[in-house]
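**Student:** coords below, sequence missing:
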């Protein structure tokens, strides 16, 4: 089974405020490479079964 990812572009009021929202499965392991240098906040929504990996992501 292939994980599908939906990308939702969010347009801010300036080019610096634009970002993508990624929705899908299998993204947690890709978080570090997806963040980049400019990211200041990340929201990860997960089911209870993913609580330990989600807790790990707080340390990124």
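**Tutor:** Nice, thanks for sending it over. Values in this document were obtained by computation on a predicted structure and should not be read as measured data.
**Student:** what about the strands in this structure?
**Tutor:** Assigned by DSSP state E, the chain shows strands spanning 5-10, 19-24.
**Student:** pick the most buried one from the ones you listed.
**Tutor:** Among the strands of the chain, strand 19-24 has the highest mean neighbour count (mean count of other CB atoms under 10 Å), at a mean of 12. Every residue, glycine included, has its C-beta placed from N, CA and C.
**Student:** can you give the contact residues for it?
**Tutor:** 3-10, 12, 34 (CB atoms under 8 Å, 6 or more residues apart in numbering).
**Student:** contacting residues around residue 10?
**Tutor:** Here residue 10 is in contact with 18-21 (CB under 8 Å, 6+ apart).
**Student:** pLDDT at it, what is it?
**Tutor:** Confidence at residue 10, expressed as pLDDT, is 92.
**Student:** so how far is residue 37 from it?
**Tutor:** Using CB to CB, to the nearest Å, residue 10 is found at 19 Å from residue 37.
**Student:** low-confidence regions, the protein specifically.
**Tutor:** 1-3, 46-60 (pLDDT under 70).
**Student:** residue 18: neighbour count?
**Tutor:** 11 (other CB atoms under 10 Å).
**Student:** quick check: closest non-adjacent residue to it.
**Tutor:** Nearest non-adjacent residue to residue 18, counting by CB to CB, 6 or more residues apart in numbering: residue 12, 5.1 Å away.
**Student:** if I look at the one you found, how far off is residue 45?
**Tutor:** For residue 12 relative to residue 45 (CB to CB), the value is 21 Å.
**Student:** before we move on, back to that, dump the strands of the chain to a markdown table, plus distance to residue 30.
**Tutor:** Formatted as a markdown table, the strands of the chain follow (distance: least, CB to CB, whole Å):
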| stretch | distance to residue 30 |
| --- | --- |
| strand 5-10 | 9 |
| strand 19-24 | 9 |
